[in-house]
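Novice: Okay, sequence plus prediction incoming.
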Amino acid sequence: MTQATGSGGGRLAAAPRLDDLMPWSAAPLRLGRGWVMAPDAASLRARWAALHEAGDDAARERLFRPSRARTLRTAVPQLPGQTTPTGRLAHTGGPCPEPVRVLHGPFDRQWLLPDHRLIDSARPELWRVADGQQVFVVEMGHVPQSAGPALVASALLPDGRSPAGRPGRVRPLYRRPGGREPNLAPGLAELLARRLDRPVGAAELLAWTMASARPAPAGAVVPLTADAGVWEDGVALGERLLWLQTRGARGDGTAYGARAGDRPRMPGGRRPYVRAPLPARGLPGGISYLPDEEALLLGPGRVSPVPAAAWDYEAGGVRVLEAWFERRTAPVAEPASLEALRPAAWPQEWTTELLELVSVLALLAELRPAQEALHRRTAVGPRVEAPELRAAGILPPPATARRPASVLDHHEEGPGGQFALL
């Protein structure tokens, strides 16, 4: 039983912890070197080329930034699902790995070189289950006086970091590829189905969790209602949250008039547009907001309308739009480093991403009153609490539920091209 504190702490004291309801989790990715991730794929290809075109071994070492976990001579297996070479980088680098989309923090879609030789701790167990049906949940941590979300969901592999750099835990919905073996405490869905007198599947439980989870010092808690009507409303709300946070890849966006494959957009008349172009040369020097005009300023560029709720939206105690902009424009500490290889001018695709991010944040902010109403309804109604789950033998979950699935039906390439069956 968690001892949640703060606003509503008395009502949350008996709520089960997310850590018990979704027992298997992984620590955040630890890259070890910042140059392997970037907001654009072209920079990653340029960095790879610069590394392998360096004049001598000492120059390559300086650019690579060796650590205890990775050097140019480290032998490691491939990342699951990737086809990068496994020979030592000191001998041959091979072609540039094809950059893949990942989620940096809660809302920043970045590109990553998926080469295990470059990443100190890539969490291969997460790569094994990343597919078209997977949903990853990341805890944002407890930040007092912050109105940010307790959890963020992603269809992309997340690095597990909050905008402020705080590590979270990454929880896949499924323990195996293909949407098999839900990452739920054994018996949880069955008990809820009995209490609610209706079927409860893994996707429904995830949607409820996204709508109901609350941050707490010891980890997010998830109040569980025993009222079927409240449950249905919470699941519908969670589906909308999932659709927004995953940019239409998961969940249900029909409440916004979306169809299958649509991405989040503000209704007509409220959509943000570029009213004054960003600089043709160089990067904008700063970002600011004019509340009276609902205008977002990026240097000489101007985007509007941008609701104040989108500008003020925080996650992990940090304003999301400011963190997103900083990631793309902050001065590079070492001009001779690989990180210095980045766009010299603002790419058009960043503007497209910014407009979508503004829409997502604005639509998420509009759901806050519905989430608060759901919290109140859950608090005053019948609930399934931690003592009941313990009495039923569901909590604590077995130790095996906290470990990744260990049996695979295919080979993965190990160091030097050797194969191992896991």
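Specialist: Looks like it came in fine.

Novice: and the spatially closest residue to residue 362 that is not a sequence neighbour, which of the three is it?
Specialist: Excluding its sequence neighbours, the residue lying closest to residue 362 (CB to CB, 6 or more residues apart in numbering) is residue 310, at 4.1 Å. For every residue, glycine as well, the C-beta is placed using N, CA and C. Of the three states, residue 310 takes helix under DSSP: H, G, I helix; E, B strand; the rest coil.

Novice: how close does residue 310 sit to residue 392?
Specialist: Going from residue 310 to residue 392 by CB to CB, to the nearest Å gives 43 Å.

Novice: Looking at these two, which one has more neighbours?
Specialist: Higher neighbour count among residue 310 and residue 392: residue 310, with 25 against 14, using other CB atoms under 10 Å.

Novice: Residue 241 should be in a helix, yeah?
Specialist: Yes: under three-state DSSP, residue 241 falls within a helix.

Novice: quick one, what contacts it?
Specialist: Neighbouring residues of residue 241 by CB atoms under 8 Å, 6 or more residues apart in numbering: 153, 207, 210-211, 251, 364, 367.

Novice: Max pairwise distance over the residues you listed: which two?
Specialist: 207 and 364 (14.8 Å; CB to CB).

Novice: Compare these two (neighbour count), which wins?
Specialist: residue 207 (26 against 22).

Novice: Grab the nearest non-local neighbour of the more buried one.
Specialist: In space, and not counting its chain neighbours, residue 207 is closest to residue 238: 3.1 Å by CB to CB, 6+ apart.

Novice: I'd like the mean pLDDT over the helix or strand where the one you found lies, please.
Specialist: Element membership of residue 238, judged by DSSP states H and E, is helix 228-245. Mean pLDDT, helix 228-245: 98.

Novice: buried residues in it?
Specialist: Of all the residues in helix 228-245, those buried under the rule 16 or more other CB atoms under 10 Å are 230-231, 233-245.

Novice: Next SSE downstream of that helix?
Specialist: Proceeding C-terminally, helix 228-245 gives way to strand 273-276 as the next helix or strand, assigned by DSSP H and E.

Novice: same for that following strand, what does it pack against?
Specialist: For strand 273-276, the packing partners by 3 or more CB pairs under 8 Å, 6 or more residues apart in numbering; DSSP states H and E come out as strand 301-304, helix 348-366.

Novice: nearest to residue 224, of those?
Specialist: Closest approach to residue 224 among the helices and strands packed on strand 273-276 (CB to CB): helix 348-366, 22.9 Å.

Novice: Residues contacting the closest one, please?
Specialist: 39-40, 107, 109, 149, 241, 244-245, 247, 256, 263-266, 270-274, 278, 296, 303, 306-307, 309-310, 312-313, 320-321, 324, 328.

Novice: switch to 6 Å and redo it
Specialist: The contact list for helix 348-366, computed with CB atoms under 6 Å, 6 or more residues apart in numbering, reads 244, 264-266, 272, 306-307, 309-310, 313.

Novice: Test my guess that residue 41 contacts residue 100.
Specialist: No: judged on CB atoms under 6 Å, residue 41 makes no contact with residue 100 at a distance of 9.0 Å.

Novice: what about the helix holding residue 238, distance to the chain center?
Specialist: Distance, stretch centre to chain centre, for helix 228-245: 19 Å (CA atoms, centre = their mean, to the nearest Å).

Novice: circling back to that earlier point, would you turn the contacts of helix 348-366 into a markdown table with distance to residue 64?
Specialist: Output for those, formatted as a markdown table (distance: CB to CB, whole Å):
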| residue | distance to residue 64 |
| --- | --- |
| 244 | 38 |
| 264 | 39 |
| 265 | 42 |
| 266 | 43 |
| 272 | 40 |
| 306 | 40 |
| 307 | 44 |
| 309 | 43 |
| 310 | 39 |
| 313 | 37 |
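
Novice: Among those, name the buried ones.
Specialist: Looks like these have 244, 264-266, 272, 306-307, 310, 313 buried, using 16+ other CB under 10 Å.

Novice: Help me confirm that residue 220 comes into contact with residue 17.
Specialist: No: contact between residue 220 and residue 17 fails when scored by CB under 6 Å: they sit 7.0 Å apart.

Novice: Same drill for those two, tell me which one is more crowded.
Specialist: Between residue 220 and residue 17, residue 220 has the larger neighbour count (other CB under 10 Å), namely 29 against 19.

Novice: and the gap between the residue nearest to residue 207 and residue 286?
Specialist: To residue 286, residue 238 is 36 Å away according to CB to CB.

Novice: Check residue 24 too.
Specialist: Relative to residue 286, residue 24 is positioned 42 Å away (CB to CB).

Novice: Check residue 403 too.
Specialist: 47 Å.

Novice: now swap in residue 20 and tell me
Specialist: Per CB to CB, residue 20 is found 44 Å from residue 286.

Novice: same thing with residue 207?
Specialist: Counting by CB to CB, the gap from residue 207 to residue 286 is 39 Å.

Novice: With residue 38 instead?
Specialist: According to CB to CB, residue 38 and residue 286 sit 21 Å apart.

Novice: For the stretch 151-300 of the chain, which residues score under the pLDDT cut-off?
Specialist: Scanning the stretch 151-300 of the chain with the threshold set as pLDDT under 70 gives 162-167.

Novice: Looking at residue 38 and residue 286, which one has more neighbours?
Specialist: residue 38 (26 against 11).
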